[in-house]
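# fold the stuff below for me.
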Amino acid sequence: MAEYNDFEPIEILVVEENQKDREIISNLLTSLNLNFIVETSVESVLNRLNNYSPEIIVCDMYDNDNVNLINCIRKVNNEIKIIVITDNIDSLSCINAFDNSVYKILTKPILNKEFTRIIFECCEFIKVQQQLKKQRHFARVLMDYQKDLIFIARCNKIIDCNKSFLKFFNYISLDEYLEKHCSCFANLFNLNSCLPHKFTCNSNKLKIDDINETTIKIHVPDKHGENKTFFVRAIDIDPLKDEMLVVFTDITFLEEENKKIEILANTDPLTKIYNRLKFNVIAVEEISRVKSNMGNLSVVLFDIDHFKKVNDNYGHIIGDEVLVKLAALVRSMLRKTDTLARWGGEEFIILLADSNEYESLIFCERIRKKIEEANFNVAGNITCSFGVSSYSVNKTLEILISEADSALYIAKNSGRNRVELYSDTIVNSN
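Numbering: from 1, shown residues only. From the prediction side, this is the model:
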């Protein structure tokens, strides 16, 4: 059996009118090394309870005043453990005491072993309560310390949450939130529109299968209406009660940084259009789509005629300005389904979606004229040459680019500032 002084300090209040019984109780509690105070009347006890809160009250049940005392104690503190000592366990007072939720009833004369056992059980019970209270407090501190949005749900209904959750949605308490919203968190986060296969929502209730491995990414508007991106993790904490811990980790900053990195990885830093790598990815996907749908597409390579003279005469800064303006001009003429990229140096490439040979030639001719008519500030007027290759069965991206390059070569050798369509006849004749 554990030592009584192993417990955290437990205060005991003894209410006993009979001097002999007071001495017996006092001696027993002293032998157990427990802290206690003795009072002899109901009035003195009530005065004492104004600034003193014992964990246990040992109370003699000798008249109805003491029953009233128990009622008063319960109004002040419902957690105090009350041990009643009486001359007659069948008395009406004892029955009333039971109705007021006393911990135990002992009959006189007081037996040392029985009294000791009851006090020990009561102290042990209080210690467990103290430990649970500490654990709950520790869990609460941990939850509230987290920047993550954390809540506990039972049968998909939110029953607890941390401060970050309340702050994000601009509420003071969970009760305030529950007054204004349905407590089903599937509704709160609009998860119906973004559920992966592990998440299903029936009758406005979110069900998470294989919950210990579940992580999804969703967008949630904050109190200002700004969308924030979260990773959502759900952990099953009590399957019998259908309780889960749900954690929302704000990854908005990481998402924004990833977008910046993606843009840097896919974009030409000078002209701000796609680079060669990104073009290849888009083109391969588009060719696969066209191959399945028996559709059309064309690849166009074009570059600036005599661009070396621009750099030699005006310098590379002016040359860069020409490249930037040219990219912006061509991009403004493309459709949303088309793709423009810088292929390298003064050379650019276009993927014309859903365009056959005839349509591609007309479109490129229109671009050529627009460039010829444009003024490039210090550099004045420039021209461009174009090579076009259109998709046909079994052509790969490499073949299309090679054919467009051959057509561009022919355009250059045929006087520049022109559009040439690839064909075996033209290539062989050159």
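# mind giving me the packing neighbours of the top strand by length along the chain?
Longest among the strand segments of the chain by residue count, using DSSP state E, is strand 227-238. Contact analysis of strand 227-238 by 3 or more Cβ pairs under 8 Å, 6 or more residues apart in numbering; DSSP states H and E lists strand 215-221, strand 243-250, helix 252-266 as its packing neighbours. Placement of C-beta: from N, CA and C, glycine included.
# switch to 10 Å and redo it
Helices and strands touching strand 227-238, by 3 or more Cβ pairs under 10 Å, 6 or more residues apart in numbering; DSSP states H and E, are strand 149-154, strand 205-208, strand 215-221, strand 243-250, helix 252-266.
# among the ones you listed, which is nearest residue 322?
Taking Cβ to Cβ, helix 252-266 is the member of the helices and strands packed on strand 227-238 nearest to residue 322, at 23.0 Å.
# ok, back up a step: quick one: mean pLDDT for the longest strand of the chain?
Strand 227-238 carries an average pLDDT of 83.
# give the buried residues for it.
228-230, 232-234 (16 or more other Cβ atoms under 10 Å).
# quick one: that strand to chain centroid distance?
How far strand 227-238 lies from its chain's middle: 5 Å, per Cα atoms, centre = their mean, to the nearest Å.
# so residue 144 makes contact with residue 138?
No. Assessed by Cβ atoms under 10 Å, residue 144 is found out of contact with residue 138, at 11.0 Å.
# of the two, which one has the most company?
residue 144 (14 against 10; other Cβ atoms under 10 Å).
# how near is the residue nearest to the more buried one when sequence neighbours are not counted to residue 171?
The spatially closest residue to residue 144, leaving aside those adjacent along the chain, is residue 163, at 4.5 Å (Cβ to Cβ, 6 or more residues apart in numbering). Residue 163 is 10 Å from residue 171, where distance means Cβ to Cβ, to the nearest Å.
# now residue 70
39 Å.
# between the helices and strands packed on strand 227-238, which gets nearest to residue 41?
Closest approach to residue 41 among those (Cβ to Cβ): strand 149-154, 46.8 Å.
# list the pairing partners of that closest one within its sheet, with orientation.
With DSSP bridges as the test, strand 149-154 is paired with strand 157-161 (antiparallel), strand 243-250 (antiparallel).
# now the longest one against strand 215-221, angle please.
In terms of direction (axes from the mean of the first three to the mean of the last three Cα atoms, to 10 degrees), strand 243-250 departs from strand 215-221 by 60 degrees.
# quick one: low-confidence parts of this structure?
Applying pLDDT under 70 to the chain flags residues 1-8, 62-67, 88-101, 182-215, 424-430.
# buried residues in the lengthiest helix in the chain, which are they?
Longest helix in the chain, counting residues (DSSP state H): helix 112-145. The neighbour-count check on helix 112-145 (16+ other Cβ under 10 Å) flags 115-116, 118-120, 122-123, 126-127, 143 as buried.
# list just the nearest of these to residue 51.
The shortest approach to residue 51 among those belongs to residue 126, at 20.5 Å (Cβ to Cβ).
# just give the nearest non-adjacent residue to that closest one, would you?
residue 55 (5.1 Å).
# ok, residue 160 next?
Here the residue nearest residue 160, using Cβ to Cβ, 6+ apart, is residue 152, at 4.3 Å.
# what's the answer for residue 299, then?
Distance criterion Cβ to Cβ, 6+ apart; nearest residue to residue 299, sequence neighbours excluded, is residue 400 at 4.3 Å.
# that neighbour reaches residue 283, doesn't it?
Yes. Using Cβ under 10 Å, residue 400 makes contact with residue 283 at a distance of 7.9 Å.
# mutual contacts of these two, please.
297, 299, 351 (Cβ atoms under 10 Å, 6 or more residues apart in numbering).
# sorry, back to before: each with direction, which strands does the longest strand of the chain pair with?
Sheet pairing for strand 227-238, using DSSP bridges, gives strand 215-221 (antiparallel), strand 243-250 (antiparallel).
# highest mean neighbour count out of those strands?
Among the strands paired with strand 227-238, strand 243-250 has the highest mean neighbour count (mean count of other Cβ atoms under 10 Å), at a mean of 19.
# how far does that one sit from its chain's centre?
The chain centre lies 7 Å from the centre of strand 243-250; the measure is Cα atoms, centre = their mean.
# tabulate the CA atom coordinates of it in CSV.
Provided in CSV are the C-alpha atoms of strand 243-250 (Å, rounded to 0.1, in the frame of the first residue of the first chain):
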residue,chain,number,x,y,z
GLU,A,243,-13.5,10.7,-31.8
MET,A,244,-10.7,12.2,-33.9
LEU,A,245,-8.1,14.9,-33.6
VAL,A,246,-7.9,17.1,-36.7
VAL,A,247,-4.9,19.3,-37.3
PHE,A,248,-4.7,22.1,-39.9
THR,A,249,-1.2,23.2,-40.7
ASP,A,250,-1.0,26.5,-42.5
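# what angle sits between that strand and helix 112-145?
30 degrees.
# ok, back up a step: which one among the buried residues of helix 112-145 gets closest to residue 289?
Nearest to residue 289 out of the buried residues of helix 112-145 is residue 143 (Cβ to Cβ; 48.7 Å).
# skipping its backbone neighbours, what lies nearest the closest one in space?
residue 162 (4.0 Å).
# ok, now residue 389?
Per Cβ to Cβ, 6+ apart, closest to residue 389 is residue 403, 3.6 Å.
# in the helix or strand harbouring that neighbour, what's buried?
Using DSSP states H and E, residue 403 sits in helix 397-413. By neighbour count on 16+ other Cβ under 10 Å, the buried set for helix 397-413 is 397, 400-412.
# residue 322 should be in a helix, yeah?
Yes. Assessed with DSSP: H, G, I helix; E, B strand; the rest coil, residue 322 lies in a helix.
# that one: what's it in contact with?
For residue 322, the contact set (Cβ under 10 Å, 6+ apart) comprises 304, 307, 310-311, 314, 346, 376-380, 382.
# and it, how far is that from residue 352?
In terms of Cβ to Cβ, residue 322 sits 23 Å off from residue 352.
# same check, this time on residue 227
34 Å.
# do residue 250 as well
42 Å.
# quick one on the thing from earlier: in strands, which of the contacts of residue 322 appear?
Residues of these located in strands (DSSP E): residue 304.
# can I see the domain layout of this protein?
Domain segmentation of the chain under automatic domain parsing yields 4-135, 146-252, 267-429.
# export those as a markdown table, with columns for distance to residue 258.
Shown next, in a markdown table, are those (distance: least, Cβ to Cβ, whole Å):
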| stretch | distance to residue 258 |
| --- | --- |
| domain 4-135 | 39 |
| domain 146-252 | 9 |
| domain 267-429 | 14 |
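# compare the strands paired with strand 227-238 and give me the one nearest residue 78.
strand 243-250 (25.6 Å).
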